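S.K.: Task: produce atomic coordinates for the following.
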Amino acid sequence: MTAETGKSLARRDLLKAGLAAGAAMAAPAAGAPTAPAAPSGGKFKLKYAPHFGMFQNHAGPDSVNQVKFMADQGFSALEDNGMKGRSKEEQERIARELARLNMTMGVFVASAGFGNSGYASGDAGTRDRFLKEMQDSVEVAKRVNAKWCTVVPGDLHHRLEMDYQTANVVDLLRRAAAICEPAGLVMVLEPLNPFRDHPNMFLSKVPQAFMICRAVNSPSCKILFDMYHQQITEGNIIPNIDLAWSEVAYFQTGDNPGRNEPTTGEMNYKNIFRHIHGKGFQGVLGMEHGNARPGKEGELAVINAYRACDAF
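M.R.: Down below sits the predicted model:
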C-alpha cells in the first residue's frame, strides 16, 4: 500500500491508493539502485509490518528494495493492502524476497464494500461478487504465502433492522469461510470508526466483530483489531484486547489523533505492545498509518518510534 508520509489518509483513500499503485507498479529498470544497508538495533520483539511507500525516501521506489530496507531495520513482516491489484509477476517477485529474508506476509485487502450495503441487506449480486472475490483472494494468498486477508463488510442498510443485517452478514461470511478454510486463509474483519473516518459502515466495534466471529464459528473468520480505529470508537484498548482475545488474529497500529506512528498522539503503545507480547502473540501488527514528518527524517522517526515502544 502506498500512503502519504505526511498527513494520514482516510481508510477509503488508503485502499484505493494501494490498489491503484499495485496495479500500476512495474518491474524495476535495469541498474536500479539497491536499498542501502542501514544499521539496525536487531529484530523487533513483535512482527511490526511496514507498508510500501513508508520508507521510499531511503529505499527508492522499487518494492523489493523497500522490503530489503525493512529487513535491514529489523522488521520481520510486510503489509500490503493493494497486493491483490499487483501483477502476478510482481506478487511472485515480492513473495520470493519475503521468503529469502524470512519475513511474514501480512494482510492484503480481499473485499472492502465501501458504499455498498448489499453485504448487510442480503443482496444476491453482492453475495456472488463477494464470494468470487474470496475465491480470487485464495489464489493471491497462495502466490504470496499470505495467511490473512482483510474484509470490510460494507455499509449499513438503513431500512432493515440491525439484527437482520447481522444475520445476513453472518450467513455471507459462513459461505466465504467454506472457501477459505481448505486453503488455510483467514478473513480478518475490520471494524472502522464512525466518528472520524467512516460514519456509515456496518462494522464499527470490536465487540460487534467478536459476536459475528462467534456466530460464524470458523477458524477462517477472525478479528482485525485496528487500534487507531478502536481508540476513537471505544478506547479501553488493553481490556478490549483481553475480552476479544480468542477471536483476534491480527492487529494494526496508528496513533490518535493524526493516524501516524506511535508516540505522535495520545496512545501508550509501549504498554500496549508489552501487553500483546506478554500474551504470547505470534502474529503480525500492521503499521497502517502515515509518517508524521516528510522525507528521510520522517522515515527515521517512524523506525525510532517503534524502537522506543518495543523497548520493554
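
S.K.: ok, residues contacting stretch 305-312?
M.R.: 41, 44-46, 48, 261-264, 269-270, 273-274, 277, 287 (CB atoms under 8 Å, 6 or more residues apart in numbering). Any C-beta I mention is one placed from the backbone N, CA and C, and that applies to glycine too.

S.K.: Strands - which of the residues you listed land there?
M.R.: Taking DSSP state E, the ones among the contacts of stretch 305-312 that sit in strands are Y48.

S.K.: And the contacts of stretch 305-312, which is closest to M227?
M.R.: Y269 (8.1 Å; CB to CB).

S.K.: tell me the mean pLDDT for stretch 58-76?
M.R.: The average pLDDT for stretch 58-76 rounds to 98.

S.K.: pull the longest helix from the protein.
M.R.: Criterion DSSP state H: the longest helix present in the chain is helix 124-144.

S.K.: Using PDB, list the CA coordinates for that one.
M.R.: Extracted as PDB, the C-alpha positions of helix 124-144 are listed here (Å, rounded to 0.1, in the frame of the first residue of the first chain):
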ATOM      1  CA  ALA A 124     -27.700 -11.700  -4.100                       C
ATOM      2  CA  GLY A 125     -25.500  -9.800  -6.500                       C
ATOM      3  CA  THR A 126     -23.300  -8.600  -3.700                       C
ATOM      4  CA  ARG A 127     -23.100 -12.100  -2.300                       C
ATOM      5  CA  ASP A 128     -22.000 -13.500  -5.600                       C
ATOM      6  CA  ARG A 129     -19.400 -10.800  -6.200                       C
ATOM      7  CA  PHE A 130     -18.000 -11.200  -2.600                       C
ATOM      8  CA  LEU A 131     -17.700 -15.000  -2.900                       C
ATOM      9  CA  LYS A 132     -15.900 -14.500  -6.200                       C
ATOM     10  CA  GLU A 133     -13.500 -12.000  -4.500                       C
ATOM     11  CA  MET A 134     -12.800 -14.600  -1.800                       C
ATOM     12  CA  GLN A 135     -12.000 -17.300  -4.400                       C
ATOM     13  CA  ASP A 136      -9.600 -14.900  -6.100                       C
ATOM     14  CA  SER A 137      -8.100 -14.000  -2.800                       C
ATOM     15  CA  VAL A 138      -7.300 -17.600  -2.100                       C
ATOM     16  CA  GLU A 139      -5.200 -17.700  -5.200                       C
ATOM     17  CA  VAL A 140      -3.400 -14.500  -4.300                       C
ATOM     18  CA  ALA A 141      -2.700 -15.800  -0.800                       C
ATOM     19  CA  LYS A 142      -1.200 -18.900  -2.300                       C
ATOM     20  CA  ARG A 143       1.000 -16.900  -4.500                       C
ATOM     21  CA  VAL A 144       2.400 -14.600  -1.800                       C
END
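
S.K.: Name the residues of it that come out as buried.
M.R.: The neighbour-count check on helix 124-144 (16 or more other CB atoms under 10 Å) flags 126-127, 130-131, 133-134, 137-138, 140-141, 143-144 as buried.

S.K.: Same question for stretch 268-284.
M.R.: 269, 272-276, 281, 283-284.

S.K.: And V170, how far from E261?
M.R.: 36 Å (CB to CB, to the nearest Å).

S.K.: between the two, who's got more neighbours?
M.R.: E261 (28 against 18; other CB atoms under 10 Å).
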